[in-house]
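Trainee: with the sequence up front, the predicted model follows.
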Amino acid sequence: MNRLAALRLAYVQRRNAVFSSARFQHWAARLPLIRWIATRRAKGAFDLLAGFTYSQILRAYVETGLFDVLRQGPCNAAAVAHRIGLSQEAALTLLRAGRPLMLSEEPAPDHWTLGEQGAVFATNPGVQAMVRHHRLLYADLADPVALLRADRKQPTDLSRFWTYAGALHGASERGADTAEYSALMAASQHFVADEVLATVDFRGTRSLLDVGGGHGAFLRHIGSAWPHLRLGLFDLPEVAAAGAAALGDALGAHRITAHPGNFFSDFIPSGYDMVSLIRILHDHDDGPAQALLANIRKSLAPGARLLIAEPMARIPGAEAMGEAFFGLYLWAMGSGRPRSPGEIIAMCRAAGFASARFLPTAQAVNASLIIAAA
Ligand SMILES: CC(C)=CCC/C(C)=C/CC/C(C)=C/C=C/C(C)=C/C=C/C=C(C)/C=C/C=C(C)/C=C/C=C(C)/C=C/CC(C)(C)O
Ligand SMILES: C[S@@+](CC[C@H](N)C(=O)[O-])C[C@H]1O[C@@H](n2cnc3c(N)ncnc32)[C@H](O)[C@@H]1O
């Protein structure tokens, strides 16, 4: 260990000894200036403890249709109760529970509306699809220690849902049972595609191959914004066929080529000057992820580029989304892990890319980007 690391370690141990003292906590909450930090930390500690309850309140807003009710205009508690099929007392409990979470608001007595966060959720079907989907994650996390102890050797609700990740447990690798996950991915694709469109200029790019492109939602967004692009969609056979058909209907069949295959064991088609991996790399453990990058690199002519877009680890300001949320999500799924931009760049270099750089995005919870050049 170098001297700087040793100093940092000693500092952290000393700091933790101070912070864990009940006397320090007592006085910190009362002293001017640091009182503000102390109360924020206490609130943070409480939110850590209560986060699951907050998530379930959000889930109840989605599953009862309360967001849709409030979206139509101010409503009193009795009318809300009738429309979401709860007793008036239960509806009021839910409305009040969502108020401090900014899901609902009561600007005038017994006139309930969407709150500031509610306005975002109510108008975003992709985020609501994710809220519904998280039922599976919460079931897998019901006993987090058992989940960790199982060392990914037991099937989980999420590994059964993501059939390619559940291959170890006997699920299909050919693309059967993929309609549900493909629909979820398509519904939430605009989070990612919007970040890509705002960050990457496709003017000098003639053709784009989306590897693991699902039902083609990413290509639909990019292809609509950049009509000159020739598009290729590579995915497991069943998925690629459905995706290319839908994409052909939307953008014109002449622009689309379907490439059914397995991106680990089949050649990645060459002749594209950009290849994209959208929410793919983090699905796979280090060995297969490295092999996938090498397989793509082999297909690229000098100067062609690889675009990687996915939520990443250790992004300043979005750290919990990376290693806490996606770390546990992917553990429960049975495959992959979120990686930091530095780790992904090192993997690209190891796969033979000449250069790779990180492009920050406005909303890191949606995705961060890396572009590597062959
Ligand atoms: C004008 C004045 C006075 C003040 C302005 C104040 C202000 C700036 C207000 C802000 C209002 C505003 C613009 C809010 C915007 C909010 C937004 C954009 C919220 C976005 C939320 C996004 C969420 C919650 C996204 C969640 C995404 C999730 C959970 C994704 C999960 C993805 C999974 C599970 C993917 C799985 C794929 C796999 C298997 C890992 O490959
Ligand atoms: C998490 S989804 C991402 C889909 C899409 N890129 C998006 O962001 O919405 C992973 C995709 O990779 C595909 N996939 C998984 N394993 C694959 C493999 N071995 N070969 C080809 N595609 C695969 C899945 O069918 C699925 O469409």
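Mentor: Yes, it's here. Ligands and ions are numbered 1, 2, ... in the order given.

Trainee: can you give me the buried ones in stretch 288-307?
Mentor: Using 16 or more other C-beta atoms under 10 Å as the test for burial, stretch 288-307 gives 289-290, 292-293, 295-297, 299-300, 304-307. C-beta coordinates here come from the backbone N, C-alpha and C atoms, glycine included.

Trainee: report the mean per-residue pLDDT for it.
Mentor: Per-residue pLDDT over stretch 288-307 has a mean of 97.

Trainee: before we move on, what about stretch 56-72?
Mentor: Taken as a whole, stretch 56-72 has an average pLDDT of 98.

Trainee: now that stretch: buried residues?
Mentor: Neighbour counts over stretch 56-72 (16+ other C-beta under 10 Å) mark I57, L58, A60, Y61, V62, T64, L66, F67, V69, L70, R71 as buried.

Trainee: could you say which helix or strand holds the third one?
Mentor: The one in question is A60. Element membership of A60 [criterion: DSSP states H and E] is helix 34-64.

Trainee: can you give the distance of that helix from its chain's centre?
Mentor: Averaging C-alpha positions (C-alpha atoms, centre = their mean, to the nearest Å) puts helix 34-64 20 Å from its chain's average.

Trainee: name the residues of that helix that come out as buried.
Mentor: Residues of helix 34-64 classed as buried: A38, I57, L58, A60, Y61, V62, T64 (neighbour count, 16+ other C-beta under 10 Å).

Trainee: how about it against ligand 1, any contact?
Mentor: No - counting by C-beta under 6 Å from any ligand atom, ligand 1 is not contacted by helix 34-64; separation bottoms out at 9.4 Å.

Trainee: counting contacts, what elements does that helix pack onto?
Mentor: With contacts taken as 3 or more C-beta pairs under 8 Å, 6 or more residues apart in numbering; DSSP states H and E, helix 34-64 sits against helix 22-28, helix 88-98, helix 116-122, helix 125-140.

Trainee: what angle do it and helix 125-140 make?
Mentor: Comparing the axes of helix 34-64 and helix 125-140 via axes from the mean of the first three to the mean of the last three C-alpha atoms, to 10 degrees yields an angle of 100 degrees.

Trainee: those residues of this protein touching ligand 1, which are they?
Mentor: V120, V127, M130, W162, R279, H282, D283, Y329, M333, V365.

Trainee: now the buried members of these.
Mentor: Of the residues of the chain next to ligand 1, these count as buried by 16+ other C-beta under 10 Å: V127, M130, W162, R279, H282, D283, Y329, M333, V365.

Trainee: I figured the first one hits A119, correct?
Mentor: No - judged on C-beta atoms under 8 Å, V127 makes no contact with A119 at a distance of 11.9 Å.

Trainee: tell me which helix or strand the nearest residue to D194 once chain neighbours are set aside sits in.
Mentor: Nearest non-adjacent residue to D194, counting by C-beta to C-beta, 6 or more residues apart in numbering: N366, 7.2 Å away. N366 belongs to no helix or strand when assigned by DSSP H and E.

Trainee: the stretch 101-250 of the chain: helices as residue ranges?
Mentor: Applying DSSP state H, counting those that start in this stretch to the stretch 101-250 of the chain gives helices spanning 116-122, 125-140, 144-149, 157-161, 179-187, 189-199, 217-225, 237-251.

Trainee: lowest average pLDDT across these?
Mentor: Within the helices of the stretch 101-250 of the chain, confidence is poorest for helix 179-187, with a mean of 87 (mean pLDDT).
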